[in-house]
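Asks: could you work out the structure for the sequence below:
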Amino acid sequence: MAVLLRSRVGQAAAAVGLVALGLFVAVFFVTAEFAKAWVYTVAFFVTVAALILVASARLHERHEKPSFAPKTRLGWWSVGLAAAGLVLAVAVPSILSAIAPAIEGPMMALSNVVVLGFAAAIAAGVTGVIAWFRRAERSVLVLLTWLPALFALYFLIGEVAFPH
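Replies: Residues are numbered from 1 along each chain as shown. From the prediction side, this is the model:
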């Protein structure tokens, strides 16, 4: 971590990360539900910006240029898990809801498939982070696997933070 703070991009990432942390803490002190939801959403987007800055600082530190396709096996696993997560969380529920009258207990099947999709998306993001920082991956596709993982975490934490 100290290596990342040597560059201006790393320092900017740390500053944006602190802002994101402050926004997440502020969610607990905002009383109006509408404002609380907006602060939570802004905190999510600031977190995404901080992660992009951290990833670019890592590239800058290694003096590398990003590539499109993954170079490591872990990077390919991350892309595959993200694809599986998107299929399970988006495509399969759409198909199940179209044929829902013919399926007994469609809501239970639909929720199980969406949970599996979210789990695959989170696993893809974790795998992508490990590939990026431990295996010196530099693929843009691996960075893109972080987005579904962050969205899944955003959604799941939002369900706990804002019960309905």
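Asks: for this protein, what are the low-confidence residue spans?
Replies: 1-5, 93, 96-110, 164 (pLDDT under 70).
Asks: ranges for the helices of it?
Replies: Under the criterion DSSP state H, helices of the chain are mapped to 8-26, 33-62, 73-86, 92-98, 106-134, 140-144, 146-161.
Asks: okay, these in TSV with mean neighbour count next?
Replies: (Glycine included, C-beta is placed from N, CA and C.) As requested, the helices of the chain are exported to TSV (neighbours: other Cβ atoms under 10 Å):
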stretch	mean neighbour count
helix 8-26	16
helix 33-62	17
helix 73-86	20
helix 92-98	13
helix 106-134	18
helix 140-144	19
helix 146-161	17
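Asks: Val16 is in contact with Ala49, correct?
Replies: Yes: using Cβ atoms under 8 Å, Ala49 and Val16 qualify as a contacting pair, with a distance of 5.5 Å.
Asks: center of the chain - which residue?
Replies: Nearest to the centroid of the C-alpha atoms of the chain, with distances taken as Cα atoms, centre = their mean, sits Leu150, at 1.9 Å.
Asks: next one: that one from Ala83, what distance?
Replies: Applying Cβ to Cβ, to the nearest Å, the value for Leu150 to Ala83 is 16 Å.
Asks: for Tyr154, see how far away Leu141 is.
Replies: For Leu141, the distance to Tyr154 under the criterion Cβ to Cβ works out to 21 Å.
Asks: that should have said Leu59, apologies.
Replies: Per Cβ to Cβ, Leu59 is found 25 Å from Tyr154.
Asks: span of stretch 136-154 from start to end?
Replies: Stretch 136-154 has its terminal residues 27 Å apart, counting by Cα to Cα, to the nearest Å.
Asks: pretty sure Val30 contacts Lys36?
Replies: Yes: proximity of Val30 to Lys36 meets the contact threshold set by Cβ under 8 Å, at 4.4 Å.
Asks: contact partners for Cys150?
Replies: No Cys there; residue 150 is Leu. Counting by Cβ atoms under 8 Å, 6 or more residues apart in numbering, Leu150 makes contact with 44, 47-48, 51, 125.
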